[in-house]
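A.B. asks: coords please:
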Amino acid sequence: MPRFESVDHLREYRRQLAARLDPKQLQVLVCAGPGCLPMGSDEVAAAFREELQKNGLEGKVALKECGCQGLCARAVKVLLRPQEIAYQHVTPEDVPEIVEATLKNGQVVERLVYETEDHARIAHKADIPFYKGQQPIVLRKLDLIDPESLDDYLALGGYRALRKVLGDMSPDQVIETVDKAGLRGRGGGGFPTGRKWRVCADALDEVKFIICNGDEGDPGAFMDRAVMEGDPHAVLEGMIIGGYAIGAQRGYIYVRHEYPLAVKRLNLAIEQAREVGLLGANILRSGFSFDIKISRGAGAFVCGEETALIHSMEGFIGEPSPRPPYPAQQGLFGKPTVINNVETWVNVPEIINLGADWFAAIGTDKSKGTKVFSLVGAVNQTGLVEVPMGTSLRQIIYDLGGGLRPGREFKAVQTGGPSGGCIPAEFLDLPVDYDSLQSVGSIMGSGGMIVMDNTSCMVDVARYFISFLYQESCGKCTPCREGLKHLLFLLDEIIAGRGEMAHLDLMEELCGTMASASICGLGKSAVNPVRSTIKYFREEYEAHIRDKKCNALVCRPLLKYTIDPETCTGCLACVRECPVGAISGQKKEAQEIDQELCVKCGLCYEACQFDAVKVE
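C.D. replies: This next block holds a predicted model:
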């Protein structure tokens with residue numbers, strides 16, 4: 001690949017790539033995203049490689065291990081182009097049949113395509129309900145390119161925005177375009193991106209920095225990971241444009257330690273960009289110099305907060321600082337610094353390419369563009385979705401996610417990660433945007449969306465997230481450190497059957513103090529799981545406190561296991577499973593559970609084949 005000496009040279013090379021593309025060439029795209037890799041996508045790719053060679057199809061069929069294809073519930077996924085046939089649950093054993101039937105004879109392997117609830121089969125990606133209603137911008141190229149190929153990225157318009165910026169736009173025009181587009185930071189706070197860039201650009205210091213926050217510590221969230229692994233050059237292009245806009249010469253990508261593949265592919269992309277002159281000194285002979293380096297985090301959740309992230313990068317403990325000054329004024333090593341997350345940076349090239357008006361026309365009045373969510377939990381079709389801002393929760397959960405599993409009822413959805421609120425069924429038609437979510441006690445966050453059904457206990461849910469936040473709190477400020485400690489204690493008391501009604505008032509008071517007095521966003525938003533569950537599911541707290549019952553049958557200290565003497569056959573299966581010898585009785589006679597000895601492990605309930613063991 002040549003080294004690009006000018007914007008015209010880059011334009012010409014991209015034209016040559018586009019001219020060589022054959023839209024009719026057969027392609028096999030094996031998903032190598034976060035959902036498919038653990039299910040053996042590398043083995044599926046290896047099987048395709050071997051089978052293509054056996055059948056003399058090497059060179060005739062392009063095989064790529066691409067980024068996340070979205071529908072993680074159906075891993076491993078394989079997409080065949082140009083037919084746009086989507087195969088699911090593919091194993092290495094299925095590969096010979098796919099090669100023979102589809103690649104050689106043009107036939108669809110019906111058993112591997114998407115199946116609806118009424119057993120209709122859908123072969124083409126565009127017709128699958130999960131993809132309908134989505135509008136991919138950030139995720140657009142993930143199932144089109146080999147993430148380790150710069151040519152693939154360039155052929156689909158990659159670095160066209162950078163060429164436009166360096167050839168035709170001033171830094172001020174870039175900031176004005178991003179500001180006019182209405183792009184808000186996708187990392188959680190939703191601060192206007194253009195306004196942040198403007199503050200940093202106006203700072204008088206000659207040394208400035210760009211940071212991409214790829215920490216993403218929310219349980220169940222993998223949006224940024226999928227993009228870093230599947231489209232790494234898009235992250236770089238957005239950062240280079242941002243560096244040009246604010247006058248920075250150095251950028252850093254802060255990636256959590258648990259994302260080794262993302263680190264590998266980002267490093268490869270950085271090396272490729274340097275080799276061709278898209279990173280380094282005097283990029284495209286424009287006079288602008290910029291380079292990027294990876295900084296690895298140790299997995300501390302609090303380091304997702306920008307000032308804590310900066311301290312971590314500087315070699316100090318990841319603790320937040322009071323603001324102001326804001327990082328855009330005084331950030332990394334005391335220099336003006338712009339921090340945005342992965343999704344924000346990837347939106348930037350698209351805004352430059354297609355215009356501010358195009359982006360601003362998507363979404364709502366105050367929340368422009370699209371948002372990527374990791375849809376997980378008690379929903380049928382889990383995976384990554386990208387929808388216009390303002391799409392309702394109902395559309396995401398039922399139309400895209402396929403609703404809940406048979407026999408289950410929707411109870412709540414939590415948005416915004418562990419610091420988000422739990423939203424009940426009455427708000428299913430709520431539009432998903434920054435302001436609407438805040439109005440019901442939740443947040444957008446980075447994009448986690450956890451669906452819960454009637455088997456979830458909301459007291460236990462609140463305790464789970466408070467426990468997580470307590471462990472992840474840096475402990476620097478008293479309201480967060482002590483507030484989380486006491487919230488966790490009170491929730492433990494309620495779940496153990498020692499709760500009092502006064503505890504609810506005390507928790508609400510603690511939440512108010514934490515929200516107003518904590519230093520950073522972790523402490524301020526950590527109250528959302530408690531506040532929202534007390535507000536919308538107060539009856540569950542009261543049942544735990546007054547009746548000593550968990551109606552969802554989750555909180556073990558409040559459960560009671562008994563054996564129905566009319567149903568019990570005396571098979572002794574429960575006796576054999578009980579770890580503490582709490583069950584007694586003669587063979588072929590009804591058994592009995594000693595409530596004093598019972599540790600409520602539930603093994604007897606699982607072992608009984610006659611539904612004689614009851615739990616309440």
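A.B. asks: where do the strands sit along the stretch 351-500 of the chain?
C.D. replies: All strands of the stretch 351-500 of the chain, identified by DSSP state E, counting those that start in this stretch, fall at 370-377, 383-388, 410-415, 422-424, 448-453.
A.B. asks: and the angle for the first one with strand 410-415?
C.D. replies: Pointing back at strand 370-377 there. On the basis of axes from the mean of the first three to the mean of the last three C-alpha atoms, to 10 degrees, strand 370-377 is oriented at 130 degrees to strand 410-415.
A.B. asks: tell me what angle strand 370-377 forms with strand 448-453.
C.D. replies: Per the same axes, to 10 degrees, the angle that strand 370-377 makes with strand 448-453 is 40 degrees.
A.B. asks: check the second one too.
C.D. replies: Angle between the axes of strand 383-388 and strand 448-453 is 110 degrees (criterion: the same axes, to 10 degrees).
A.B. asks: partners of strand 383-388, with directions?
C.D. replies: For strand 383-388, the pairing partners within the sheet under DSSP bridges are strand 370-377 (antiparallel).
A.B. asks: still on that earlier bit, of the strands of the stretch 351-500 of the chain, which is nearest residue 520?
C.D. replies: strand 448-453 (18.7 Å; C-beta to C-beta). Every residue, glycine included, has its C-beta placed from N, CA and C.
A.B. asks: hmm, who's touching that closest one?
C.D. replies: Residues external to strand 448-453 that are found in contact with it (C-beta atoms under 8 Å, 6 or more residues apart in numbering): 218-221, 373-379, 396-397, 401, 404-405, 408-417, 420, 422, 458, 461.
A.B. asks: any idea how far that strand is from the chain center?
C.D. replies: In terms of C-alpha atoms, centre = their mean, to the nearest Å, the centre of strand 448-453 is set 12 Å apart from its chain centre.
A.B. asks: could I have it exported to PDB, CA atoms only?
C.D. replies: Listed in PDB are the C-alpha atoms of strand 448-453, where the atom choice follows Å, rounded to 0.1, in the frame of the first residue of the first chain:
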ATOM      1  CA  GLY A 448     -26.800  -0.600  28.500                       C
ATOM      2  CA  MET A 449     -30.400  -1.900  28.400                       C
ATOM      3  CA  ILE A 450     -31.300  -4.700  30.800                       C
ATOM      4  CA  VAL A 451     -34.800  -6.200  30.500                       C
ATOM      5  CA  MET A 452     -36.300  -7.800  33.600                       C
ATOM      6  CA  ASP A 453     -39.400 -10.100  33.800                       C
END
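A.B. asks: before we move on, back to that, selection in ChimeraX covering whichever of the contacts of strand 448-453 are buried, please.
C.D. replies: Below is the selection syntax for ChimeraX that covers the buried ones among the contacts of strand 448-453, with 16 or more other C-beta atoms under 10 Å defining burial:
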select :218,221,373,374,375,376,377,378,379,396,397,401,404,408,410,411,412,413,414,415,416,417,420,422,458,461
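A.B. asks: output the below-cut-off pLDDT ranges for the stretch 351-500 of the chain.
C.D. replies: In the predicted model of the stretch 351-500 of the chain, no residue satisfies pLDDT under 70.
A.B. asks: please redo it, this time with the cut-off set to 80
C.D. replies: Regions of the stretch 351-500 of the chain meeting the criterion pLDDT under 80 cover residues 446.
A.B. asks: now do the chain
C.D. replies: Of all residues in the chain, those with pLDDT under 80 make up the ranges 1, 18-19, 21-23, 188-189, 217-220, 299, 446.
A.B. asks: just to revisit the earlier point, as a markdown table, the strands of the stretch 351-500 of the chain with distance to residue 616 would be great.
C.D. replies: Conversion of the strands of the stretch 351-500 of the chain to a markdown table gives the following (distance: least, C-beta to C-beta, whole Å):
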| stretch | distance to residue 616 |
| --- | --- |
| strand 370-377 | 26 |
| strand 383-388 | 36 |
| strand 410-415 | 19 |
| strand 422-424 | 24 |
| strand 448-453 | 19 |
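A.B. asks: residue 145: which of those is closest?
C.D. replies: With C-beta to C-beta as the measure, strand 383-388 is the member of those nearest residue 145 (16.1 Å).
A.B. asks: where's the residue of the chain most remote from its centre relative to residue 575, distance?
C.D. replies: Relative to the centre of the chain, the most outlying C-alpha is that of residue 586, 53.5 Å out, by C-alpha atoms, centre = their mean. Relative to residue 575, residue 586 is positioned 10 Å away (C-beta to C-beta, to the nearest Å).
A.B. asks: please apply the same query to residue 122.
C.D. replies: Residue 122 is 49 Å from residue 575, by C-beta to C-beta.
A.B. asks: if we can go back for a sec, of all the strands of the stretch 351-500 of the chain, which lies closest to residue 69?
C.D. replies: With C-beta to C-beta as the yardstick, what comes closest out of the strands of the stretch 351-500 of the chain is strand 383-388 (8.3 Å).
A.B. asks: alpha carbons only: can I get that closest one in CSV?
C.D. replies: Coordinates of the C-alpha atoms in strand 383-388 are reproduced here as CSV (Å, rounded to 0.1, in the frame of the first residue of the first chain):
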residue,chain,number,x,y,z
GLY,A,383,-27.6,-8.2,21.0
LEU,A,384,-26.5,-4.8,19.7
VAL,A,385,-29.1,-2.4,18.3
GLU,A,386,-28.8,1.1,16.8
VAL,A,387,-32.0,3.2,16.6
PRO,A,388,-32.9,6.8,16.1
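A.B. asks: that one: how far from the chain's middle?
C.D. replies: Taking C-alpha atoms, centre = their mean, the mean C-alpha location of strand 383-388 is offset from the chain mean by 10 Å.
A.B. asks: run a quick neighbour tally on the spatially closest residue to residue 25 that is not a sequence neighbour.
C.D. replies: The shortest distance from residue 25 to any non-neighbouring residue, by C-beta to C-beta, 6 or more residues apart in numbering, is to residue 62 (6.0 Å). Residue 62 sits with 16 neighbouring residues when counted by other C-beta atoms under 10 Å.
A.B. asks: in a strand, residue 62, correct?
C.D. replies: Yes. With DSSP: H, G, I helix; E, B strand; the rest coil as the criterion, residue 62 is located in a strand.
A.B. asks: what residues are bridge-paired with it?
C.D. replies: For residue 62, the beta-bridge partners are residue 27 (DSSP bridges).
A.B. asks: tell me the contacts of it?
C.D. replies: Contact analysis of residue 62 by C-beta under 8 Å, 6+ apart lists 25, 26, 27, 28.
A.B. asks: so which of those residues comes closest to residue 104?
C.D. replies: Taking C-beta to C-beta as the measure, residue 104 sits nearest to residue 26 out of the contacts of residue 62, at 9.8 Å.
A.B. asks: so the closest one is in contact with residue 81, correct?
C.D. replies: Yes. At 7.3 Å, residue 26 counts as touching residue 81 under the criterion of C-beta atoms under 8 Å.
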